[in-house]
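[1] Sequence and predicted structure below; questions after.
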Amino acid sequence: MPQPDGFMEVPPGKIATVVTHLEMAAPPKPRSAPEVPGLVLTPMAVPDPEAYRALYMAVGGLPWMWFSRMALSTEALVGILGDRDVEVFVLRDGARPVGLLELDFRNAGACELAFLGLVPDAVGQGAGRYLMNIALTRAWARPGVSRVWVHTCTLDHPAALGFYIRSGFTPFRQEIEVADDPRLTGVLPRKAAPHIPVFEP
């Protein structure tokens, strides 16, 4: 059923975001990445929900209001992180975690780039390109993969959508998601994403 045009009110206590889905059906031409000394990518071989949550918050929760993984129970999160078809990597600058990469192969023939992000002060130095190159190499190296996809939304870094397109992804669908404001439910601290206003119910 066609949706009506025009403005639609978002109820107090809710947030609304435009979600863009992107995909690629073949490996893209590799893009060069600048040398970034000191970066090391290591797998999170043993599920560590507290370390994962801390990095997730630093990369996306506090600056951009990522909240999906913070809303999961520890049991549910460990179930994902420990799945043999989910690969989680931590990007470190020396000893400091500065980036998160998560690839999800649980759907046959496809890889979802579930999460890729950097802490705010690591953005713009080439680390994102380095991380994306590794992500795409690993995704397409898995036997049977014929599609790699990702989604981003307006609760993400404003350059994310353009970065995915430049990386070889093609947008194929948009949706509007309305959800409880996670700063009001306690999923995220009230100080998260200060650029997005809170509308009390």
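    Everything's here; your move.

[2] use CA for all of it now, contacts and neighbours both
    OK.

[3] Spatially nearest residue to residue 14, not counting backbone neighbours?
    With CA to CA, 6 or more residues apart in numbering as the criterion, residue 14 has its nearest non-adjacent residue at 4.4 Å, and that residue is residue 180.

[4] The one you found contacts residue 13, correct?
    Yes: under the criterion of CA atoms under 8 Å, residue 180 makes contact with residue 13 at 6.1 Å.

[5] Now the terminal residues of stretch 177-197, how far apart.
    Start-to-end span of stretch 177-197 (CA to CA, to the nearest Å) is 17 Å.

[6] Counting by contacts, list what the biggest helix by length in the chain packs against.
    In the chain, taking DSSP state H as the definition, the longest helix is helix 127-141. In terms of contacts (3 or more CA pairs under 8 Å, 6 or more residues apart in numbering; DSSP states H and E), helix 127-141 is packed against strand 96-104, strand 110-118.

[7] Other residues contacting it?
    27, 30-34, 36, 39, 101, 103, 111, 113, 116-118, 145-146, 148, 167 (CA atoms under 8 Å, 6 or more residues apart in numbering).

[8] filter those to the buried ones?
    When neighbours are counted using 16 or more other CA atoms under 10 Å, the contacts of helix 127-141 contain these buried positions: 27, 39, 101, 103, 111, 113, 116-118, 145-146, 148, 167.

[9] any chance of those residues in JSON lines, plus pLDDT and distance to residue 77?
    Shown next, in JSON lines, are those (pLDDT from 0 to 100; distance: CA to CA, whole Å):
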{"residue": "27", "pLDDT": "95", "distance to residue 77": "30"}
{"residue": "39", "pLDDT": "91", "distance to residue 77": "26"}
{"residue": "101", "pLDDT": "98", "distance to residue 77": "15"}
{"residue": "103", "pLDDT": "98", "distance to residue 77": "15"}
{"residue": "111", "pLDDT": "98", "distance to residue 77": "19"}
{"residue": "113", "pLDDT": "98", "distance to residue 77": "17"}
{"residue": "116", "pLDDT": "98", "distance to residue 77": "17"}
{"residue": "117", "pLDDT": "96", "distance to residue 77": "18"}
{"residue": "118", "pLDDT": "97", "distance to residue 77": "20"}
{"residue": "145", "pLDDT": "97", "distance to residue 77": "24"}
{"residue": "146", "pLDDT": "98", "distance to residue 77": "27"}
{"residue": "148", "pLDDT": "98", "distance to residue 77": "22"}
{"residue": "167", "pLDDT": "96", "distance to residue 77": "29"}
